[in-house]
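S.K.: whatever this is, show me its structure:
(chains A and B)
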Amino acid sequence: MRPHTITEKILAKHAGVKEVTPGELINAKVDIALGNDITAPIAIHEFRKAGAKKVFNRNKVVLVPDHFTPNKDIKSAAQCKILRDFAHEHKLTHYYDGGDVGVEHALLPEKGVVVPGDLVIGADSHTCTYGALGAFATGVGSTDLAAVMITGELWFKVPETMRFVFKGRLRKWVSGKDLILRVIGDVGVDGALYRAMEFTGQAIERLSMESRLALCNMAIEAGAKSGIIPPDAITKEYVEKRAERPYKFYASDPGAGYSDVLEYDCADIEPQVACPHLPENTKNVRDVGKVPLDQVVIGSCTNGRLEDLAVAARILKGRKASKNVRLIIIPATPHIYSEAMKKGWFDIFLKAGAIISPPTCGPCLGGHMGILAAGETALATTNRNFVGRMGDVKSNVYLSNPAVAAASAVKGFIVHPDDVVK
Amino acid sequence: MKFKGRVWKYGADIDTDRIIPARYLNTSDPKELAKHCMEDEDAAFASKVSPGDIIVAEKNFGCGSSREHAPIAIKAAGVSCVIAKTFARIFYRNSFNMGLPILESAEAVDNAASGDILEVDMDSGEIRNLTKGASFQAKPVPPFMQELIAAGGLMESIKKRYAAG
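M.R.: Residues are numbered from 1 along each chain as shown, chains lettered A, B, ... in the order given. Next comes the predicted model:
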């Protein structure tokens, strides 16, 4: 048998075949199917319209109303109620409501719902996050979700894989977010279109799970179908106390075929900032120029985890956000919220003048909890800076890691963290 | 399947937030979504689009979110089909699943301007620009996707399987 990539192996296993080849169409069994308050209502409508009576497996259909919750208006409340009623009707194990809601792609790994070796589909483009655990995970639409809710299977085209090798050690203040922003800046927002991105190298082997999740989270911003990191000791340490099912580690074979191999020396990678209005408009933070800010958001499925809040707390300790800046901090899950509070970070944040939001996607997609007016500019640790993404069509969003965001909140304009923490 | 309509031409990397901004995603009613279709790219679009009109765009149309509301809004606005140099992956999949005809042809895109009248034959993939008097061949739709369309979309094919037990 020819050598295979980790992605090809996971797909072959779930398709029940010995091997798969890029370009081949397969029908594969799905381990976890995810929907949220925006995408699941359409899927549930399609599910009912098809005459389906039962979900294929009540442990494998996951609903997380996280985008417009706590319900921001009457229409959103109606959407969320569709999920709630469906979850109760079908006795779904993994339905999260009220104080159990977290941002889906932070919540599922934390709860051990997604495990290494899984094939996961989610009606949310950032489903690719779970590649950090060594799973194949990809975003689909609501109709695809409906199909899986009924059958537990879906068709896939086996993607080619691009390999990214990160050599050396990360510089100070550089995280998984900066690696992926740098990659998107190099390949463009469609540079990995239809393909899988595999991240390897010494720097990845040393990268924390939280940074890995942030890295894989933004594979979609390069147009990729999925992002994946081969599981290792760091993966094992993260999943063994969480996994609710048996898991399996897959690895790429030496000599596996890649459509491209890109190598980076991490000594060359500075904290990155993506300028409006595409994630590919990346620059080294020192090359951005003086950009005055009206708002800073630290949160989201990209960077709302403990490691992210830790670095923000480290920078904000004893400092205040600029009077001109609304600093909004959104712990991504109830667990992260609770841990951050226990560690005393909430005191630091509140003294810095920050607003602490309950877990929600909120402002990342211009939903609620921090919307921009025309002419306003935000720096956010989120994943997209499209036109109008966080509010008015004439507002601007810059993207960065949490250290740059926290330091910039203090200064009132975009800065390198070294300019704040000496 | 044949369409004839007026071109609305847009640039590269038109993301799903521009096709249907997230602030309107607190509903999935196609008529409501259609009212805001393309709003952040072209505020005049929703009020001026006519049934049968065709969106023509550069590369990577529909990038960003997985929201099926994007092809739903375009279809409900009366657009007959979308022609782009390339489509973002999830948008491509969603369009087939919910029945919005889409075609890829770099040449047809390069030669079309807003207001041109196009005639599109989905079966043969021929795109005729009647205004310019030119004809182009779209990239063929993969056979698997053609089967999906012939079956009436993904849910119809599943319904058949479901009914068969």
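
S.K.: what does the pLDDT read for the residue most central in space within chain B?
M.R.: Nearest to the geometric centre of chain B sits B:Val82, at 3.3 Å (C-alpha atoms, centre = their mean). pLDDT for B:Val82: 97.

S.K.: chain A versus that one, what's the distance?
M.R.: According to C-beta to the nearest C-beta, to the nearest Å, B:Val82 stands 15 Å off from chain A. Where C-beta positions appear, they are placed from N, C-alpha and C, glycine not excepted.

S.K.: so where's chain B shaky on pLDDT?
M.R.: B:162, B:164-165 (pLDDT under 70).

S.K.: hang on, the earlier thing: show me what whatever helix or strand the residue nearest to the centre of chain B lives in is in contact with.
M.R.: Taking DSSP states H and E as the definition, B:Val82 sits inside strand B:81-84. Surrounding strand B:81-84, the residues in contact under the criterion C-beta atoms under 8 Å, 6 or more residues apart in numbering or on different chains are B:3, B:54-61, B:74, B:95, B:100-105, B:108-109, B:112, B:118, B:120, B:122, B:127, B:138.

S.K.: and with 7 Å instead?
M.R.: B:3, B:54-58, B:61, B:74, B:100-105, B:108-109, B:120, B:127 (C-beta atoms under 7 Å, 6 or more residues apart in numbering or on different chains).

S.K.: those residues, buried ones only, as a ChimeraX selection?
M.R.: Buried members of the contacts of strand B:81-84, defined by 16 or more other C-beta atoms under 10 Å in any protein chain shown, are picked up in ChimeraX with:
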select /B:3,54,55,56,57,58,61,74,100,101,102,103,104,105,108,109,120,127
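
S.K.: what about the contacts of strand B:81-84, which are in strands?
M.R.: B:3, B:54-57, B:102-104, B:120, B:127 (DSSP state E).

S.K.: between the residues you listed, which sits nearest B:Leu25?
M.R.: B:Ile55 (20.0 Å; C-beta to C-beta).

S.K.: name the nearest residue to the closest one, ignoring sequence neighbours.
M.R.: The spatial neighbour of B:Ile55 that comes closest, neighbours along the chain excluded (C-beta to C-beta, 6 or more residues apart in numbering or on different chains), is B:Val82 at 4.5 Å.

S.K.: about what we covered before: next structured bit after the strand holding B:Val82?
M.R.: Reading on from strand B:81-84 to the C-terminus, the next helix or strand found by DSSP H and E is helix B:89-98.

S.K.: so is that next one next to chain A?
M.R.: Yes - for helix B:89-98, a contact with chain A is found by C-beta under 7 Å from any C-beta of the partner chain, at B:89-90, B:93-94, B:97-98.

S.K.: from the contact counts, what lies against that helix?
M.R.: helix A:142-151, helix B:69-76, helix B:143-150 (3 or more C-beta pairs under 7 Å, 6 or more residues apart in numbering or on different chains; DSSP states H and E).

S.K.: chain center to the very next helix or strand once past the last one, what's the gap?
M.R.: Remark: after helix B:143-150, the chain's next helix or strand is helix B:154-164, criterion DSSP H and E. Mean-position distance between helix B:154-164 and its chain equals 24 Å (C-alpha atoms, centre = their mean, to the nearest Å).

S.K.: helix B:154-164: which residues count as buried?
M.R.: Buried residues in helix B:154-164, counted by 16+ other C-beta under 10 Å: B:154-155, B:157-159.

S.K.: ditto for stretch A:219-237
M.R.: Under the neighbour-count criterion of 16+ other C-beta under 10 Å, stretch A:219-237 has A:219-231, A:234-235 buried.

S.K.: report the mean confidence score over it.
M.R.: Stretch A:219-237 comes out at a mean pLDDT of 98.

S.K.: put the alpha carbons of that stretch into CSV.
M.R.: Coordinates of each C-alpha in stretch A:219-237 appear next as CSV, following Å, rounded to 0.1, in the frame of the first residue of the first chain:
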residue,chain,number,x,y,z
ALA,A,219,-7.6,26.8,8.5
ILE,A,220,-10.9,27.7,6.9
GLU,A,221,-9.6,31.3,6.5
ALA,A,222,-7.2,29.9,3.9
GLY,A,223,-10.1,28.2,2.3
ALA,A,224,-9.1,24.7,3.6
LYS,A,225,-11.5,21.8,4.1
SER,A,226,-9.7,20.9,7.3
GLY,A,227,-6.5,21.5,9.4
ILE,A,228,-4.8,18.8,11.4
ILE,A,229,-2.0,18.2,13.8
PRO,A,230,-0.7,14.7,14.3
PRO,A,231,-1.5,13.7,17.9
ASP,A,232,1.3,13.2,20.3
ALA,A,233,2.1,13.4,24.1
ILE,A,234,0.5,16.8,24.4
THR,A,235,-2.6,15.5,22.8
LYS,A,236,-2.6,12.5,25.1
GLU,A,237,-2.3,14.6,28.2
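
S.K.: tell me the SS of the residue of the stretch 151-300 of chain A at minimum distance from chain B?
M.R.: Sorted by distance to chain B under C-beta to the nearest C-beta, the residues of the stretch 151-300 of chain A start with A:Asp190, at 4.1 Å. Following DSSP: H, G, I helix; E, B strand; the rest coil, the label given to A:Asp190 is coil.

S.K.: what parts of chain B come near chain A?
M.R.: Residues of chain B lying close to chain A by C-beta under 7 Å from any C-beta are B:13, B:15, B:17-18, B:21-23, B:25-28, B:40, B:59-60, B:63-68, B:86, B:88-90, B:93-94, B:97-98, B:144, B:154-155, B:158-159, B:162.

S.K.: please pick the buried ones from these.
M.R.: B:13, B:15, B:17-18, B:21-23, B:25-28, B:40, B:59-60, B:63-68, B:86, B:88-90, B:93-94, B:97-98, B:154-155, B:158-159.

S.K.: does A:Gly99 touch A:Pro334 like I think?
M.R.: Yes - here A:Gly99 reaches A:Pro334: they are 5.9 Å apart, a contact under C-beta atoms under 7 Å.

S.K.: out of the two, which sits in the busier spot?
M.R.: More neighbours surround A:Pro334 than the other of A:Gly99 and A:Pro334, with 18 against 11 (other C-beta atoms under 10 Å in any protein chain shown).
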